[in-house]
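Trainee: requesting a structural model of the entry that follows:
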Amino acid sequence: MKQLTIRGIPDEVERTIRKEARQKGVSLNKAALAVLEKASGVNRRGKSRRSSHHDLDHLFGILNKTEAEAIEKHIARHREIDEALWKR
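Mentor: From the prediction side, this is the model:
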């Protein structure tokens, strides 16, 4: 395997790698590899994984049941097909 030296790692990235290492009980090197693999969507065998997006993670779990049902109701209206729009 190849080696790579990375300089200027932002503090937040370092904290993420150190947290990963602590939680999984692995070396910083293994934790850094895991973080890089996850972020790049590549597994250890070099194969691409299905892309996973986390840009809305900060919203997860903030709605109560009533709010979630109201949103589902509004979304359902947009899922209905207006047959008149599809006729020529």
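Trainee: next up, the contacts around the nearest residue to residue 18 once chain neighbours are set aside.
Mentor: Residue nearest to residue 18 in three dimensions, not counting chain neighbours: residue 28, with 6.8 Å by C-beta to C-beta, 6 or more residues apart in numbering. C-beta coordinates here come from the backbone N, C-alpha and C atoms, glycine included. By C-beta atoms under 8 Å, 6 or more residues apart in numbering, residue 28 lies in contact with 17, 18, 21.
Trainee: tabulate the residues you listed (CSV), appending secondary structure, neighbour count and distance to residue 37.
Mentor: Output for the contacts of residue 28, formatted as CSV (DSSP: H, G, I helix; E, B strand; the rest coil; neighbours: other C-beta atoms under 10 Å; distance: C-beta to C-beta, whole Å):
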residue, secondary structure, neighbour count, distance to residue 37
17, helix, 20, 12
18, helix, 13, 17
21, helix, 18, 14
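Trainee: just name the closest of those to residue 73, please.
Mentor: Among these, residue 17 lies closest to residue 73 (C-beta to C-beta), at 42.7 Å.
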